[in-house]
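K.L.:
Structural data only, the sequence is not supplied:
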């Protein structure tokens with residue numbers, strides 16, 4: 001009897017170990033400008049408008065030549081080829097493209113020269129594709145060609161992943177960006193027929209469940225910016241239950257938000273929203289933008305940006321988003337940015353903006369930094385949960401360091417982390 005009991009326990013423990021072993025984790029590195037400037041935000045809007053096929057006509061032409069196009073950048077370490085060539089890639093759930101600078105780029109491409117470059121001739125696992133590739137930005141197009149190679153995301157080794165080698169990059173948009181390229185995590189219909197990295201992860205059996213979940217760390221000064229959990233969720237990061245809503249259009253991570261309110265003012269009723277880790281803002285339709293500015297007593301610059309009195313921040317109102325019957329609250333601390341103008345004066349910029357022609361609520365890091373987000377590909381749904389106050393536990397308990405790759409590729413002796421947790425109750 002006791003022997004049978006021990007065997008049963010052993011079987012259960014083996015099953016739990018197998019389940020935990022299927023979960024892989026990637027550290028997200030939070031890149032923050034030393035000084036956030038008004039020009040940075042203008043440039044980010046240009047890139048954002050291009051990503052959603054909109055024209056940011058509110059931004060003046062001069063905004064298209066600023067050096068640093070981004071404010072907060074959440075990146076993960078990705079290695080390509082054999083032996084591996086490593087990159088910091090922007091983790092972007094608002095696009096489905098994967099691209100890196102190519103070693104074949106001309107010397108005139110300043111952004112390419114300032115970042116790590118993929119050299120296909122140095123990889124024994126490279127397979128030529130040759131099809132052209134182009135993304136349109138406000139400053140011009142990012143163009144190149146497609147290639148296929150092995151892609152390694154913290155031990156998730158994807159075979160035969162097709163991605164773009166960028167030959168030209170628009171203007172100076174990406175020159176000073178801390179990321180080398182982009183890894184898009186949106187759904188396959190947005191990828192123009194190219195199998196996305198996560199779809200390949202699923203098809204090649206690298207995870208048990210077709211789910212990835214994300215925790216973005218907003219507070220503190222550490223470079224650690226959170227984690228991506230591949231194949232499941234980590235219960236130590238969130239409290240309560242995960243609130244799932246169905247994807248309304250399987251391309252972007254688009255869903256229906258029940259409502260958005262400030263006090264008794266209804267800003268949206270059954271509006272369409274998108275979860276986008278690749279932007280800092282919350283982008284809203286024009287009517288909602290005007291209402292928010294009125295309620296916050298914010299002054300519009302005439303360029304789709306609104307400023308508030310920095311001495312009045314404690315009196316600003318909270319914004320309440322109801323998703324699937326659960327309300328999530330954004331406080332002024334969440335949605336106000338302190339930025340520097342050209343005279344080094346501090347301005348208080350609202351994180352709510354609009355782009356001409358946009359009818360969606362694009363929920364960037366202002367919102368996603370407040371929740372634990374579950375991207376469920378298999379069930380075409382997205383889930384949100386409230387963060388635990390001690391959610392930094394997930395980082396400290398695993399003892400890993402952020403995967404930061406410098407301007408030159410590192411040596412090829414990669415130390416892959418050990419995945420899982422001794423306490424399996426944290427995983428589902």
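P.N.:
Looks like it came in fine. Quantities reported herein were computed from a predicted structural model and do not represent experimental measurements.
K.L.:
contacts and neighbour counts: CA atoms only from here.
P.N.:
OK.
K.L.:
Isn't residue 159 up against residue 127?
P.N.:
No. In this structure residue 159 lies outside contact range of residue 127 using Cα atoms under 8 Å: 10.8 Å.
K.L.:
Overlap of the contact sets of these two?
P.N.:
Any residue near both residue 159 and residue 127 by Cα atoms under 8 Å, 6 or more residues apart in numbering counts here, and that gives residue 149.
K.L.:
Does anything pack onto whatever helix or strand residue 288 lives in? Which helices or strands?
P.N.:
Element membership of residue 288, judged by DSSP states H and E, is helix 286-296. Judged by 3 or more Cα pairs under 8 Å, 6 or more residues apart in numbering; DSSP states H and E, helix 286-296 is in contact with strand 265-275, strand 352-353.
K.L.:
Buried ones in it, by neighbour count?
P.N.:
For helix 286-296, a neighbour-count test (16 or more other Cα atoms under 10 Å) marks 286, 288, 289, 290, 291, 292, 293, 296 as buried.
K.L.:
repeat for stretch 309-322
P.N.:
Applying 16+ other Cα under 10 Å to stretch 309-322 flags 316, 318, 319, 320, 321, 322 as buried.
K.L.:
avg pLDDT for it?
P.N.:
Averaged across stretch 309-322, pLDDT comes to 96.
K.L.:
quick check, distance from that stretch to the centre of its chain.
P.N.:
Distance of stretch 309-322 from the chain centroid (Cα atoms, centre = their mean, to the nearest Å) equals 25 Å.
K.L.:
For that stretch, give me every contacting residue.
P.N.:
With Cα under 8 Å, 6+ apart, stretch 309-322 has contacts from 257-263, 295-296, 298, 327-332, 347-348.
K.L.:
From those, which land in helices?
P.N.:
Among the contacts of stretch 309-322, the residues falling in helices (DSSP state H) are 295, 296, 332.
K.L.:
how close does the first one sit to residue 29?
P.N.:
In this structure, residue 295 lies at 35 Å from residue 29, with Cα to Cα, to the nearest Å as the measure.
K.L.:
got it, and residue 262?
P.N.:
Residue 262 is 32 Å from residue 29, by Cα to Cα.
K.L.:
go on, residue 379?
P.N.:
Residue 379 is 28 Å from residue 29, by Cα to Cα.
K.L.:
So those two - more neighbours on which side?
P.N.:
A count of neighbours by other Cα atoms under 10 Å puts residue 29 above the other of residue 379 and residue 29, at 27 against 11.
K.L.:
Assign the more buried one to helix, strand or coil.
P.N.:
Under DSSP: H, G, I helix; E, B strand; the rest coil, the three-state class of residue 29 is strand.
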